[in-house]
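Undergrad: coordinates for the following, if possible.
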Amino acid sequence: MRRERRHPGLRLHARIYLAVLASVGMVALLSGLAWHLKFGREPIESGLELSAEVASELLAPANAPQAEQEEVLARWGKRTLARLTLYSRSRQRVAAFGAPLPAPPPEQTESGTFHVGRGAPGFRLRLPDGRWLVAVRTFRRGPPFGFLTVLVFTAVAVAVAAWPISRRITRRLERLKEGVEALGAGDLASRVRVEGRDEVALLASSFNRAAGRIEDLVGAQRRLLANASHELRSPLGRLRVAAGLLQGDPHLKEEISRDVSELDDLVEEILLSSRLEAGAADEPLEEVDLTALAAEECARAGASLSGVVVTVKGSPRLLRRLLRNLLENARSHGGAGPIEVEVRPGSGGGGEVDVRDRGPGVPDDLKERIFEPFFRLPGAPNGGAGLGLAITRQIARRHGGLVVCLPREGGGTLFRATLG
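TA: Numbering: from 1, shown residues only. Alright, predicted model coming up:
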């Protein structure tokens, strides 16, 4: 069966990782917006009146000597790292610390803010005694793009911290996926480790219980089939002996012997199909001369052989059964025409075997159904249980290949077996 090929999407751990980063970014954005709406627009002027009163208490009185006023202004300028300029009621400069700042314009009558170039905002404080204190805080310049550097560093820190979290979650899912694939491949003893107490751990526990139940059911079915086949073969053996001792009509004796042989073959095919389906037909693999094997089976079936020497790794007994089933199918359904077999190396390694006949062919809508167990083409001659092609495909799959039915140019059927 050809697997549907899906376009690879974004891995789950990458999705979780990006979701964490997007969530952190959204929280930062909303927090900054909320801070701006709450505090960013609050007028600075609301605290200027109090600041003016405090400044008036810290500075020398208006009637103090100018030298004293300059001394106090310089002392507070050094402490606050600010440029300070003191103006009289008439807006005449009295003292300054640092480069003098411009006086308040005549139209300004209350404390307020202003900007000096691209620096920090300045303050014009109207003191209770009518004087003006103009101040600009001086900041030490940070490195270029300082804010951007902090932002990038924060983003990198969040990314590094979020990665192991997302990987820890998805790594357990990946192990669960590997367990499911192993179970699907026939390893009924496959189990996954249960880690944690979250939903992923519950899923792993459910998988282990389901896998155990499947293993028990398959084991019970296998034991039932083995016991049933044993019980069937016992009376079949007695029937064969009785048929040999039967006196009377030779045609009846021959018919009974043939029926017993068919039943015996049916039991054997059911057992082999069951073992192959359950993955229990394990045999040591060895190098097999596929061409020599095909030559022996072609001589037995009266088919012609062409091709080159091809060696594959597999089970000689199962590969012989594959070739024999294909040849018997061609002989049963291919009419009186010749049967041709070709052996050649496979395009991806291994080998390919073509079995051609000149029979009526297989309708396109039934080219897959003929590989189903017990399926027979409408109007096909009686004989066989309909397990031959199903077993053939199972053997090919066990050898890493496939068997398909293809149309043959000029009429007839082509069965192509690809191995390893």
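Undergrad: quick one: the helices in this structure?
TA: 12-35, 48-58, 66-80, 146-184, 199-245, 250-277, 290-301, 316-333, 388-398 (DSSP state H).
Undergrad: closest one to Pro105 among the ones you listed?
TA: Judged by C-beta to C-beta, the one of these that comes nearest to Pro105 is helix 48-58, at 16.3 Å. The way it works is simple: take the backbone N, C-alpha and C, and place the C-beta from them, glycine included.
Undergrad: next, the buried residues of that closest one.
TA: Along helix 48-58, these residues count as buried under the neighbour rule (16 or more other C-beta atoms under 10 Å): 48, 52, 55-56.
Undergrad: for burial, what's the neighbour tally of the closest residue to Leu323 other than its chain neighbours?
TA: Among residues not flanking Leu323 along the chain, Glu297 sits closest, at 4.4 Å (C-beta to C-beta, 6 or more residues apart in numbering). By the criterion of other C-beta atoms under 10 Å, Glu297 has 23 neighbours.
Undergrad: got the contact list for Glu297?
TA: For Glu297, the contact set (C-beta atoms under 8 Å, 6 or more residues apart in numbering) comprises 303, 320, 323-324, 327.
Undergrad: can you name the two of those residues that are farthest apart?
TA: The most widely separated members of those, counting by C-beta to C-beta, are Ala303 and Arg320 (14.4 Å).
Undergrad: these two - which one has more neighbours?
TA: Between Ala303 and Arg320, Ala303 has the larger neighbour count (other C-beta under 10 Å), namely 23 against 16.
Undergrad: my guess is that one contacts Gly337, does it?
TA: No. Here Ala303 does not reach Gly337: they are 11.0 Å apart, not a contact under C-beta atoms under 8 Å.
Undergrad: measure Leu86 to His115 for me?
TA: Counting by C-beta to C-beta, to the nearest Å, the gap from Leu86 to His115 is 20 Å.
Undergrad: more neighbours: the two, which one.
TA: Leu86 (27 against 10).
Undergrad: okay if I get the contacts of Glu297 as CSV plus pLDDT and distance to Val218?
TA: Formatted as CSV, the contacts of Glu297 follow (pLDDT from 0 to 100; distance: C-beta to C-beta, whole Å):
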residue, pLDDT, distance to Val218
Ala303, 92, 38
Arg320, 90, 27
Leu323, 93, 29
Arg324, 91, 28
Leu327, 93, 32
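Undergrad: in CSV, list those along with distance to Leu188.
TA: What follows is these, written out as CSV (distance: C-beta to C-beta, whole Å):
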residue, distance to Leu188
Ala303, 39
Arg320, 28
Leu323, 30
Arg324, 30
Leu327, 34
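Undergrad: closest one of these to Leu419?
TA: The closest of these, once distances to Leu419 are taken by C-beta to C-beta, is Leu323, at 10.6 Å.
Undergrad: OK, contacts around the closest one?
TA: 293-294, 297, 341, 353.
Undergrad: who wins on neighbours among the residues you listed?
TA: Among the contacts of Leu323, the one with the most neighbours (other C-beta under 10 Å) is Val353, at 28 neighbours.
Undergrad: and that residue, how far from Ala295?
TA: Distance, Val353 to Ala295, using C-beta to C-beta: 12 Å.
Undergrad: how much space separates Leu285 from Ala155?
TA: Taking C-beta to C-beta as the measure, Leu285 and Ala155 are separated by 54 Å.
Undergrad: before we move on, what about Val27?
TA: Distance, Val27 to Ala155, by C-beta to C-beta: 13 Å.
Undergrad: the two: which is more packed in?
TA: Counted by other C-beta under 10 Å, Val27 and Ala155 do not tie: Ala155 has more neighbours, with 14 against 10.
Undergrad: ok, residues contacting stretch 101-115?
TA: 44-45, 48-49, 51-52, 83-85, 87, 91, 93, 116, 121-126, 132, 134-136.
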